[in-house]
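In: missing the sequence, but the structure's below:
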C-alpha cells in the first residue's frame, strides 16, 4: 500500500508558509506501515495540480491532497479532483446549511462564496469530521482513492485521525504494528557511529526487522532510530528493547537519551535524582545555557540561577583559572551543591582562538576540561553549551576523564 | 526560467525532519524572479531519486537537489546525478584533503567513508563555498543544470547565496534588478496592518510596481515586504526608498526595524548611540533575554550582564515592586546606566495569571509597565522577552506611555 501527499498552495512554493502538514502526515502513515515515497508541493494552478495528482495516482494506491478547499477563487482542489474522476460537482445543501450554521454560531453571516465549499464531486463522500468550513472528501477512483483535506493543520489532523488513517489501514489489509525508538547520541560523528555499528547493520539488513537509521540533529548530536514490525504491541516492544540493548553495548555512553529527551533534560534529571542543585556562570554563552536549563526546569527547583557577566574573566587570569574561580563563586553566591562555569580564552592566554574552559565544583571535588571548538560566534557558543552540558552529564555519571585541575 | 527543488531524505518523508530548506529556497528564487512550480520530497532510493530528478528536468530548466551528500551508504545523490548525466564519478583529492583538514582542525580523525564525499561526477564543478564536509555541485546537462547542496541548512544557504542564485540569474538572462526591503513591525495584527494600508495596496495594485506583501513571523511580529523591479540598482533602490517613506507615514512606530534587524539589534543600537550600558534581571525569562542580547552584542560592550535567580521575587513583594527592586539592583551591581527587570506575578499577587511586570531605571527616571500575556510556559516567556525589548525601545525613543511608577 502506497500513499502520496500533495500539498497545494502557491504560498508553500514561495516559502511564505512551511509545509509542516506533509511531514505530520508522513509520520502518521509510517506509524501504520503505509509507504509514502513522494511528497509534492504544487501551486494553485489547475493544469499543474491535475498533472501532479494524476502522476501520484499512477504510481501509488492513494493520494492525500492537502489545501485548496477554501472559499476563494484560488481554491480549486474540488474542481481538479472532479476532472480527474471525470464527474460533475454537485452542491450538497446539507453541507451549505452546516457551514451557514457555523458562521451563525460565531455571530457572523456566511459570505456567498462559502457555498462553493459545499461542492462535492459525484461519487465522493464528505468526511464526517468538519472542524472548519471546509469539508474533507473521500473520492474513490477504481480501486484507488484521493482524499482531500484542508490546509489548516488542526482541521487536517482531525480528519486524518477521525477517518483517513483508518480507511487507509482497512484498504491496505495491514494488521502489523510498527513502532520506533530513538537513541540520542553525542560526541561521535555520523560516520564514526556507522563504523561502530557496521557489522550490526549488515546483520540486520539480512534479517529485515528491526531496522536502524541515523538522523543528524545538528549540534544536538546524531539520532539512531530503531524501527520494528510485529503482530502486536508487546512483540514489537520486545524486539525494540532487545535491539536497544545491543546498540547500547556497542555505543556505550555516547548515548545520552531516548526519544524526546534533550541533553538538558537528562542533566537536570541526573541532578534531581541525586538531590543536587545547580548554579552556572556564563562568561561566554551569554544566557543560552540558563535559557535551556530554565526552559525545562520551569520552577527552577534544581537550576537555581546564572550569573552572566562581561567581566567574568579578567586579563590577569588564564581561561582555566577564570573558570575555576567563577564556578566556585556562583556555587557560593547561589548556595547550591554544584557550580558550573564556562568561559572562553582571553587574548592574554596562549590558547588558540576558540578554546572553551569548563569547570565544575561538586562538594570538595573540582573537575576541569577545555575544548577547542569550531564555528562562527553563535555556532561556537551553542557548541560550548552542548559541550558543557555533556561535561556535566559525564562527570555525574562518573564517565568523565580528567578529575581535579 | 523555471527551477524545481528536490528535497532528498527518507527522514523527510517519515516526518522526522520538517523540510524548511525547500521553503527557504522557494523564497529566494521568487525574490530574483525565478518560477518554482513544483517542490518534491523523495527518499534515499536510487530509482525514485533518478525518476524524480529526471521528471523535474523535463519540465524545468534547473533542479536544486538538497540532501544526500553525506558520508554514509544512504547518501547517494552524487551517484544518481552521475547516472542522469551519463558519466562516471571521480574522486577529487583536493577535496579529500580539505575534508581531512576540517576534521584535523577539530582534533578529530577523518573516517574512511568521508572520502566518498569527494566523489564528483565528470563535468560537474564543486561549489567554492564549503562550510561543512559535503561539497556542493554544479552539474550542467545540455543547456540545463542540476545543483546539489547538503541538507544542513546553513551549509545549503551559504552555497545558495555564494554561488547558485547568481548562477541561476545569469542563466535566466534576466537583466531587470529585483530587490526587496522588509519593514519589521511589532504590536499590530496582520488584519490591523492590512486595514491601515488598504488604500495604499489598492493604489499599488493598479500600478504593478512596487508590490507589498505581509508575512507573519510569529512572536517577532509581522513583516511588510516591499518588492520592486527596475533596470538598475539605483532605480530599484529609489522606488523602494520612496515606498518605505509612504509606509512609515502610515504605520508610524509599530515599525521597529528593517530587513534582518531584530528587536534586540535595534535596542542595542539605540543604547549604543546614546552611550548607555545595560544590565538586566530575569525573574521570569530564565536567560532568554540575556541570550538574545549577547548574541548580538558579542563583546558585551553595551549589554554588561544579567542576573537570573529563582529567588528574585519574594512572596513579600508584589510583581511591580519586585521588578522595581530588581531593576535598581542590577543597575547598581553591574555599574550600568540602565537597569531592566522582567518578573512574573507571584501567587500572593492579586494579578491574573500570566501578568508580566517590567521595570526600567535610566539615571533618575524609573519606568514601569505590566502586561497580561497568553500562551503556555515557553510561549509566555518568549512573549515576555519581545515585550520587554519593545518596552525598552519605546522608552528610549520617547514613545512609551506611562513614566514613573
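Out: In hand now; what should we look at? Nothing here was measured: the structure is a model prediction, and the numbers come from that model.
In: Contact residues of the stretch 301-405 of chain A facing chain B?
Out: A:301, A:303-311, A:334, A:372-374, A:377-379, A:381 (Cβ under 8 Å from any Cβ of the partner chain). The C-beta positions use only the backbone N, C-alpha and C, and glycine is treated the same way.
In: By neighbour count, sort out the buried ones in those.
Out: Neighbour-count burial within these applies to A:303, A:304, A:305, A:306, A:307, A:308, A:309, A:310, A:334, A:373, A:381; the criterion is 16 or more other Cβ atoms under 10 Å in any protein chain shown.
In: quick check, nearest of these to chain B?
Out: Using Cβ to the nearest Cβ, residue A:310 comes nearest to chain B of these, at 3.4 Å.
In: thought the closest one was touching residue B:305?
Out: Yes. At 5.8 Å, residue A:310 and residue B:305 qualify as touching, with contact defined as Cβ atoms under 8 Å.
In: What about residue A:118, how many residues nearby?
Out: Per other Cβ atoms under 10 Å in any protein chain shown, the neighbour tally for residue A:118 reads 23.
In: Report the contact partners of it.
Out: Counting by Cβ atoms under 8 Å, 6 or more residues apart in numbering or on different chains, residue A:118 touches A:91, A:92, A:93, A:95, A:96, A:99, A:135.
In: from those, which two are the most distant?
Out: Spatial extent of these (Cβ to Cβ) is set by the pair A:93 and A:135 at 12.6 Å.
In: Among these two, which residue is more densely surrounded?
Out: residue A:135 (27 against 10).
In: Quick check: the gap between the more buried one and chain B.
Out: Residue A:135 sits 25 Å away from chain B, taking Cβ to the nearest Cβ, to the nearest Å as the criterion.
In: For that residue, give its distance to residue A:66.
Out: For residue A:135, the distance to residue A:66 equals 14 Å [Cβ to Cβ, to the nearest Å].
In: same check, this time on residue A:271
Out: From residue A:271 to residue A:66 the distance is 44 Å (Cβ to Cβ).
In: and these two? which has more neighbours close in?
Out: Neighbours per residue, other Cβ under 10 Å: of residue A:271 and residue A:66, the larger number sits with residue A:66, 28 against 23.
In: pLDDT score assigned to that one?
Out: According to the prediction, residue A:66 has pLDDT 98.
In: these two touch, right, it and residue A:6?
Out: Yes. If you go by Cβ under 8 Å, residue A:66 and residue A:6 touch, sitting 6.9 Å apart.
In: domain parsing for chain A?
Out: Domains of chain A are assigned by automatic domain parsing as A:3-172, A:177-258, A:275-396.
In: mean pLDDT lowest for which of the ones you listed?
Out: Among the domains of chain A, domain A:275-396 carries the lowest mean pLDDT (a mean of 86).
In: Endpoints of that one, how far apart?
Out: 12 Å (Cα to Cα, to the nearest Å).
In: Which residue, neighbours along the chain excluded, lies closest to the residue of the stretch 101-250 of chain A found nearest chain B?
Out: Residue of the stretch 101-250 of chain A nearest chain B, by Cβ to the nearest Cβ: residue A:191 (3.8 Å). Of all residues not flanking residue A:191 in the chain, residue B:111 sits nearest, at 3.8 Å (Cβ to Cβ, 6 or more residues apart in numbering or on different chains).
In: Next: residue A:235.
Out: residue A:177 (7.7 Å).
In: ok, now residue A:48?
Out: Closest residue in space to residue A:48, ignoring its immediate chain neighbours: residue A:42 at 5.3 Å, by Cβ to Cβ, 6+ apart.
In: list the contacts for the one you found?
Out: For residue A:42, the contact set (Cβ under 8 Å, 6+ apart) comprises A:6, A:7, A:8, A:13, A:48, A:49, A:52, B:37, B:38.
In: what's the burial count for the residue nearest to residue A:191?
Out: 20.
In: What of residue A:245?
Out: Residue A:245: 10 neighbours (other Cβ under 10 Å).
In: before we move on, what about the one 3 residues further on?
Out: Other residues near residue A:248 come to 13 when the count uses other Cβ under 10 Å.
In: Please look at it and residue A:183 and confirm they touch.
Out: Yes. With contact defined as Cβ under 8 Å, residue A:248 counts as touching residue A:183 (7.4 Å).
In: list residues touching both of those two?
Out: Common neighbours of residue A:248 and residue A:183 (Cβ under 8 Å, 6+ apart) are residue A:255.
In: In strands only, show me the residues of the stretch 301-405 of chain A next to chain B.
Out: A:303, A:304, A:305, A:306, A:307, A:308, A:309, A:372 (DSSP state E).
In: Pick out the most distant pair among those residues.
Out: Once Cβ to Cβ is applied, those give A:304 and A:372 as the farthest pair, at 30.3 Å.
In: For the stretch 1-150 of chain A, which segments count as strands?
Out: Ranges of strands in the stretch 1-150 of chain A, per DSSP state E, counting those that start in this stretch, are A:3-8, A:38-42, A:62-66, A:89-91, A:119-121, A:125-126, A:137-141, A:144-149.
In: So what's the gap between the first one and the chain middle?
Out: What it means is strand A:3-8. The chain centre lies 20 Å from the centre of strand A:3-8; the measure is Cα atoms, centre = their mean, to the nearest Å.
In: so does that strand get close to chain B?
Out: No. Strand A:3-8 lies out of reach of chain B by Cβ under 8 Å from any Cβ, never closer than 8.5 Å.
In: ditto for the third one
Out: No. For strand A:62-66 and chain B, the contact criterion (Cβ under 8 Å from any Cβ) is not met; the two come no nearer than 12.8 Å.
In: Give me every residue in the stretch 51-200 of chain A lying close to chain B.
Out: A:52, A:189, A:190, A:191, A:192, A:194, A:195.
In: Going by neighbour count, which residues in whichever strand or helix holds residue A:330 are buried?
Out: Per DSSP states H and E, residue A:330 falls inside helix A:319-334. For helix A:319-334, burial by neighbour count (16+ other Cβ under 10 Å) applies to A:319-331, A:333-334.
In: secondary structure element for the residue of the stretch 101-250 of chain A closest to chain B?
Out: For residue A:191, the element it lies in under DSSP H and E is helix A:190-196.
In: counting contacts, what elements does that helix pack onto?
Out: strand A:211-216, strand A:222-230, helix A:233-251 (3 or more Cβ pairs under 8 Å, 6 or more residues apart in numbering or on different chains; DSSP states H and E).
In: which of the ones you listed sits most buried?
Out: strand A:222-230 (a mean of 20; mean count of other Cβ atoms under 10 Å in any protein chain shown).
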